[in-house]
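>>> A predicted structure for the sequence below; I have some questions about it.
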Amino acid sequence: MNIVFLDAMTLGKSDLSAIDRVGNLTLYPFSTPEECVERAKLAEIVITNKVVLNRKILQKLPKLRLICIAATGMNNIDLDAAKEFNIAVKNVAGYSTASVAQHTIMLALGLLGHTSYYDSYIKSGRYSKSPVFVNLDHDPIDIEGKNWGIIGMGSIGRKVAGIAQALGANVSYYLREGGKVYPFLSQNLHDLLRNCHIVSIHAPLNAQTQGMIGANELELLQDSSILLNLGRGGIVDEVALANALKKRPLYAGLDVFETEPLPKNNPLLSSEIPSERLLLTPHIAWGYEQSRKRLIAGIVENIKSLT
């Protein structure tokens, strides 16, 4: 089988030999929409992480039998068109639960401990000139006893809840009406934002979550509270968040953004935002080493299921 991976660079230096063993694998670091048809015209299987395959592209790929998404989200594929053209579409669910949860905790602890500030303090040479062994310009904050609110109680949200509770945090969560009941305090969104010192987002982006955290919601947060977004960028209004960070002593950690890569003029990159109160990572929470190995194994299984 001819297999084409349209954006292999999204998996970094991962070993893809297991995929090569189940077919004739051709790799492209990244593909523009204009390049997709030419590159995939002889493919029976296409692998994509974020390259969009819309109706216009799919109708020009008559040999295509399977699209393997190197991720969980399937919003980059025109699923109706794929069904119409008898093209199977398969993702890999659950491969990154552990790493996204770990990344969430890392961001929270980094902000609570002011890691960015103290790293810069030492590397700048200021510590070497200090007359004392310690610097407490920014008070490190204990996680124990803090209220941690979770928006989105899928597998990742539940994993974060368990770790946060083990660290001594009081966990609560928000779900829309009709959701499952979990062994933590359930709160409506506004109460959760008012009451929690740390709020982490692990929800998908859809019509209900688009712009869920805007200026009004940010106003509900307590001073010195932490907002973490590990869901999707469009859930948080980035302009409103940047303005809030400039005006109030809030903290934020984000691994996802409305536009990726982050544009140079994004308001979150403003020099007016104190660097120690904002931690940004380039959508890497899903991509830890073991997660990528599980993802590749899942892709292989999806390919085998076709044969």
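Yep, it's here.

>>> can you give me phi and psi for F5?
The phi and psi torsions at F5 (degrees, to the nearest 10) take the values phi -100, psi 110.

>>> contact partners for it?
In this structure, F5 makes contact with 16, 19, 25-28, 46-48, 70, judged by C-beta atoms under 8 Å, 6 or more residues apart in numbering. Just so you know, the C-beta spots here come from the backbone N, C-alpha and C atoms, and that holds for glycine as well.

>>> N170: how many residues sit nearby?
In terms of burial, N170 registers 17 neighbours under the definition other C-beta atoms under 10 Å.

>>> what's the neighbour count on the closest residue to it other than its chain neighbours?
Spatially, and ignoring its direct neighbours in sequence, N170 is nearest to N147 (4.9 Å; C-beta to C-beta, 6 or more residues apart in numbering). When neighbours are defined as other C-beta under 10 Å, N147 has 20 of them.

>>> quick one: contacts for V51?
Residues touching V51, when contacts are defined by C-beta under 8 Å, 6+ apart, comprise 6-7, 30-31, 33, 36, 76.

>>> export those residues as TSV, with columns for distance to Q165, neighbour count and secondary structure.
Shown next, in TSV, are the contacts of V51 (distance: C-beta to C-beta, whole Å; neighbours: other C-beta atoms under 10 Å; DSSP: H, G, I helix; E, B strand; the rest coil):
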residue	distance to Q165	neighbour count	secondary structure
L6	41	27	coil
D7	37	17	coil
F30	40	13	coil
S31	43	21	coil
P33	45	12	helix
C36	45	24	helix
N76	35	15	coil
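
>>> tell me where the stretch 51-200 of the chain has helices.
55-58, 79-84, 97-112, 115-123, 155-166, 189-195 (DSSP state H, counting those that start in this stretch).

>>> save those as JSON lines, and put in mean neighbour count, distance to V181 and mean pLDDT too.
JSON lines is the format used below for the helices of the stretch 51-200 of the chain (neighbours: other C-beta atoms under 10 Å; distance: least, C-beta to C-beta, whole Å; pLDDT from 0 to 100):
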{"stretch": "helix 55-58", "mean neighbour count": "17", "distance to V181": "40", "mean pLDDT": "98"}
{"stretch": "helix 79-84", "mean neighbour count": "13", "distance to V181": "31", "mean pLDDT": "97"}
{"stretch": "helix 97-112", "mean neighbour count": "21", "distance to V181": "21", "mean pLDDT": "98"}
{"stretch": "helix 115-123", "mean neighbour count": "14", "distance to V181": "36", "mean pLDDT": "96"}
{"stretch": "helix 155-166", "mean neighbour count": "20", "distance to V181": "12", "mean pLDDT": "98"}
{"stretch": "helix 189-195", "mean neighbour count": "17", "distance to V181": "16", "mean pLDDT": "98"}
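
>>> what about T48, neighbour count?
With neighbours defined by other C-beta under 10 Å, the count for T48 comes to 23.

>>> could you give the bridge partners of it?
Counting by DSSP bridges, T48 is bridged to I69.
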